[in-house]
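**Q** Provide a 3D model corresponding to the input given below.
(2 chains)
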Number of protein chains: 2
Amino acid sequence: MKIICSQTDLKTNLSLVSRAVPSRPTHPVLGNVLLVADADKNKINLTAFDLSLGIRTSFPAQIDEGGSITLPAKLFNDIVTRLPEGEIILSYDEDEMEDNPLVSILCLSGKFQLRGMKGEDFPELPTVEHEQPLMLPITSLSNGLQGSVFAASSDETKQVLTGIHLTRNHNSLEFAATDGHRLAVVQTEDEKQSEEDQDSEKSETVEDTEAIETETPEKINEDRNFEITIPARALRELEQILKMAKENESIALYVDEGQVVFELGEKHLTSRKLEGGYPNYNQLIPHQFSRTMVLDRKTLISSLERVAVLADQKNNLVKFNLDNTEQQVTLSVEAKELGNAKESIPAQITGEDLEIGFNIKYLMDGLKALPSNDIKMHFNEANQPIIINPLGGLKMTYLLMPVQITD
Amino acid sequence: MKIICSQTDLKTNLSLVSRAVPSRPTHPVLGNVLLVADADKNKINLTAFDLSLGIRTSFPAQIDEGGSITLPAKLFNDIVTRLPEGEIILSYDEDEMEDNPLVSILCLSGKFQLRGMKGEDFPELPTVEHEQPLMLPITSLSNGLQGSVFAASSDETKQVLTGIHLTRNHNSLEFAATDGHRLAVVQTEDEKQSEEDQDSEKSETVEDTEAIETETPEKINEDRNFEITIPARALRELEQILKMAKENESIALYVDEGQVVFELGEKHLTSRKLEGGYPNYNQLIPHQFSRTMVLDRKTLISSLERVAVLADQKNNLVKFNLDNTEQQVTLSVEAKELGNAKESIPAQITGEDLEIGFNIKYLMDGLKALPSNDIKMHFNEANQPIIINPLGGLKMTYLLMPVQITD
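**A** Reported below is the predicted structural model:
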């Protein structure tokens, strides 16, 4: 193998795929990144894969001799990042191929040699390229992830709750995440698809046949509707890839039995799906409320950040007092041995006065993810879940369980 | 007590003194900051003190009622930092004074109450204001600290080596630090003092008497020469204070038996001195060399940063090969199971070829602190200490013990 590429290209692409490298690989080769030099296309393909999440990308290079090799991801990345800009020559001698060949990295400043592992040892990245993808607008996907990913559970034992639940229904794509304490749901319009739906109607009969073959709760039916749960970790990396895209671009989504693949130009992200039924969260969302409150989101966040200093010391409890007469809400925190904090914010309040407590961290998470300036909070009684919606913009619902106030 | 001050002033000064608050206070009151409202001067004094290092500062405020109180430093700082800009009213009721009074912090956005402790419980900050201070130019002091503090030991059991040794001799101030593996010495001119020396000659007889009374190795003699060791931790905080000063300002230094006090305007930093004899480091510095090498400092640092990626994985050893014929030095790192790295840099070399090994971290620390573009390295044999000097600018000497190369 012998390839000549630019340091900038190699650095950018290597740092992208490295995000899929597990910090504690279960097998040595998974701590490596796979580099394939494609002499026909004059391209370098880079792949990292932790058996659940995989990222692949490719970029143009001069391939004097093709080949494939894996290199320790962290070392390789650390070196390439520090190399001076300019040409890099990567090579090893295919004839003297041993299990762990020494790969040369030659640049203006000097020569590095890294011991690699054979490309054949690297597991195959799953692909599902046999069918037509869904084309999702970047903005829809970004908004959906931004408003949901934070609410997924980080507790690995909670299985399906560590994922984001995606539901496609006609032209809308719904993102949901919950960790049992709070629930975030975002609905986005899937504009691009509406045109394609018309096209796909022609091939309806063909897809019908497929639907019969794959009779599972996650099947892709004739309208290409689906319900899938994707690990939050994979979608956090997808968010990084989306940041590199232009606003009006679309990303291709392939869904099959075991996994999903997102494709944006040369960048592929594949992830296994999470097995098991996702909670029927729509049942949990109340639709009747006895009280509402409209207020400025950033003002509320600033106040919460201040009183949180004291709440952090105790049980993270913040008390809301809704005052209809004064049309204001008073936030208070009591940390008996240390002190207390009280701030009042103007708000448009309907319904009777109410005293209700929240975990300040869960409340803040939701407020930070809401996309609008003004928000509307919906209450029933102090022991019933509340709902927060943005006023205008994205369709997002944040459901939060209150905390019992014990003085 | 009742005071009105600006949020910006309180925030700036509080964050400055908070740096002297110990993370694990040996006594609860040391985790607090002392706030004294001086009604005569219309000033607020803030003090923090860990019994070794103390920082005091003051700023103007409207004092409606004087008094003194201590407040939990971290909580107080965290709250004040987050308050909106504008006026803050701090108060507590002196009449109902109990051991832990509730102090009110009133601002535009709301009201905080923090439980404090009485001002009397806070230990007195040592002062040594009875004598004339030395006036040190800010640049000399900054340069001296920047070139030495990094080389002090961070191992608390090493006592005197955790400090910086300051030697004043006529108009020069010498800074030295060593942890046993390397030694950094900086000589700065003490320009301001040259004028004052002439003045002080008049009072020579008076100071002579004092010199007899305090016959210790650290005494301040008639020329006001001294040798003291100050904890590096205190001098790191002093560096923060120096950053707030203007370039042509001077800082006052008071030295007495047990401590030193630095004064810059309203900012005071006091530190105990470290007891015990400091190593006679000048004996360690060789003056005859069989080889020298002049090269570009930043080029060397960049190369070392790259090869360090591999050295980090092993024993941090980098090998230098000085090649007189080629007039270049080759840096190499061998991490057998992982790979190797080799870079060559042009250099002006005198003397025979040499192979010598270094701990890459210790070498880098010194190179980063050296102030010039070009540096000169002085060698004897592979097992003898080397010296690095800047070419031009500050008078600095970095001595480094080589590491034995075992292949």
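
**Q** for the closest residue to A:Val329 other than its chain neighbours, list the residues it contacts.
**A** In this structure, A:Val329 finds its nearest non-sequential neighbour in A:Ala347, 4.8 Å apart by CB to CB, 6 or more residues apart in numbering or on different chains. Every C-beta, even on glycine, is put in place using the N, C-alpha and C of the backbone. By CB atoms under 8 Å, 6 or more residues apart in numbering or on different chains, A:Ala347 lies in contact with A:293-295, A:322, A:327-329.

**Q** and A:Arg115, by the same measure?
**A** So A:Arg115 contacts A:72, A:100-103, B:337-339 (CB under 8 Å, 6+ apart).

**Q** give me the neighbour count for the residue of the stretch 51-200 of chain A found nearest chain B.
**A** Nearest residue of the stretch 51-200 of chain A to chain B: A:Gly110, at 3.1 Å (CB to the nearest CB). When neighbours are counted by other CB atoms under 10 Å in any protein chain shown, A:Gly110 registers 20.

**Q** count of neighbours near the nearest residue to it once chain neighbours are set aside?
**A** Leaving aside its sequence neighbours, A:Gly110 sits nearest to B:Glu343 (CB to CB, 6+ apart; 3.1 Å). By the criterion of other CB under 10 Å, B:Glu343 has 22 neighbours.

**Q** taking the centroid of chain A, which residue is nearest it?
**A** Residue closest to the average C-alpha location in chain A (CA atoms, centre = their mean): A:Leu235, at 2.4 Å.

**Q** give me the phi and psi for it.
**A** phi -70, psi -30 (degrees, to the nearest 10).

**Q** then the one 3 residues further on?
**A** Main-chain torsions, A:Leu238, degrees, to the nearest 10: phi -60, psi -40.

**Q** parallel or antiparallel, list what pairs with the host helix or strand of A:Ile228.
**A** For A:Ile228, the host element (DSSP states H and E) is strand A:226-231. Taking DSSP bridges as the criterion, strand A:226-231 forms sheet pairs with strand A:163-169 (antiparallel).

**Q** contacts only, for the residue lying closest to A:Leu183 once chain neighbours are set aside.
**A** Here the nearest residue to A:Leu183 in space, its sequence neighbours aside, is A:Leu399; by CB to CB, 6+ apart that works out to 4.2 Å. Contacts for A:Leu399 (CB under 8 Å, 6+ apart) come out as A:182-185, A:284-285, A:385-387.

**Q** 7 Å - rerun?
**A** A:182-183, A:284-285, A:385, A:387 (CB atoms under 7 Å, 6 or more residues apart in numbering or on different chains).

**Q** also A:Arg19?
**A** A:55, A:237, A:240.

**Q** cool, and A:Ile164?
**A** Taking CB under 7 Å, 6+ apart, one finds A:148-149, A:152, A:175, A:177, A:229-230, A:232, A:235 in contact with A:Ile164.

**Q** so is stretch A:354-363 next to chain B?
**A** No - Stretch A:354-363 lies out of reach of chain B by CB under 7 Å from any CB of the partner chain, never closer than 13.4 Å.

**Q** list the buried residues in that stretch.
**A** Across stretch A:354-363, burial judged by 16 or more other CB atoms under 10 Å in any protein chain shown covers A:354, A:356-360, A:362-363.

**Q** out of those, which comes closest to chain B?
**A** A:Ile360 (13.4 Å).

**Q** related to what we said a few turns ago, identify the bridge partners of the residue nearest to A:Gly110.
**A** Here B:Glu343, judged by DSSP bridges, has bridge partners A:Gly110, B:Leu331.

**Q** just checking, it touches B:Val307?
**A** Yes - when contacts are counted by CB atoms under 7 Å, B:Glu343 is listed as touching B:Val307 (6.2 Å).

**Q** so what sits against both of the two?
**A** B:Leu331.

**Q** sorry, back to before: ok, now which ones touch the residue nearest to the centre of chain A?
**A** So A:Leu235 contacts A:145, A:149, A:164 (CB under 7 Å, 6+ apart).

**Q** distance to A:Gln404 and pLDDT added to the residues you listed, as a markdown table?
**A** Shown next, in a markdown table, are the contacts of A:Leu235 (distance: CB to CB, whole Å; pLDDT from 0 to 100):
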| residue | distance to A:Gln404 | pLDDT |
| --- | --- | --- |
| A:Leu145 | 33 | 96 |
| A:Val149 | 29 | 97 |
| A:Ile164 | 29 | 97 |
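
**Q** from those residues, which is closest to A:Glu263?
**A** Nearest to A:Glu263 among the contacts of A:Leu235 is A:Leu145, at 16.4 Å by CB to CB.

**Q** helix, strand or coil for that closest one?
**A** Per DSSP: H, G, I helix; E, B strand; the rest coil, the secondary structure class of A:Leu145 is helix.

**Q** could I get the buried residues of stretch A:354-363 as TSV with pLDDT and secondary structure?
**A** TSV is the format used below for those (pLDDT from 0 to 100; DSSP: H, G, I helix; E, B strand; the rest coil):
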residue	pLDDT	secondary structure
A:Leu354	97	strand
A:Ile356	98	strand
A:Gly357	97	strand
A:Phe358	97	strand
A:Asn359	96	strand
A:Ile360	96	helix
A:Tyr362	96	helix
A:Leu363	97	helix
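
**Q** looking at the residues you listed, which is nearest A:Asn32?
**A** A:Tyr362 (39.1 Å).

**Q** nearest residue to that closest one other than its sequence neighbours?
**A** For A:Tyr362, the spatially nearest residue (CB to CB, 6+ apart) is A:Arg182, at 5.0 Å.

**Q** so where do the helices sit in chain A?
**A** A:7-17, A:73-82, A:138-146, A:191-200, A:204-213, A:232-243, A:297-311, A:360-369 (DSSP state H).

**Q** for A:Asn380, what are its contacts?
**A** A:286, A:289-290.

**Q** can you put those residues in JSON lines and add pLDDT?
**A** As requested, those are exported to JSON lines (pLDDT from 0 to 100):
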{"residue": "A:Pro286", "pLDDT": "96"}
{"residue": "A:Phe289", "pLDDT": "97"}
{"residue": "A:Ser290", "pLDDT": "97"}
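
**Q** now, of these, which are buried?
**A** Buried among those (16+ other CB under 10 Å): A:Phe289.

**Q** in chain A, what secondary structure element scores lowest on mean pLDDT?
**A** helix A:204-213 (a mean of 37; mean pLDDT, DSSP states H and E).

**Q** what's around the residue of the stretch 151-300 of chain A found nearest chain B, how many residues?
**A** Closest approach between the stretch 151-300 of chain A and chain B, counting by CB to the nearest CB: A:Thr299, at 8.8 Å. A:Thr299 has 15 neighbours, counted by other CB under 10 Å.

**Q** contacting residues for it?
**A** Per CB under 7 Å, 6+ apart, neighbours of A:Thr299: A:Ile345.

**Q** which one of the helices of chain A lies closest to A:Ile251?
**A** helix A:138-146 (6.1 Å).

**Q** ok, the closest residue to A:Ala184 other than its chain neighbours - how many residues close by?
**A** Spatial nearest neighbour of A:Ala184, chain neighbours left out: A:Ala151 (3.9 Å); criterion: CB to CB, 6+ apart. When neighbours are counted by other CB under 10 Å, A:Ala151 registers 26.

**Q** what sits against A:Ala151?
**A** A:177-179, A:182-184, A:365.

**Q** same question for A:Glu239.
**A** A:Leu145.
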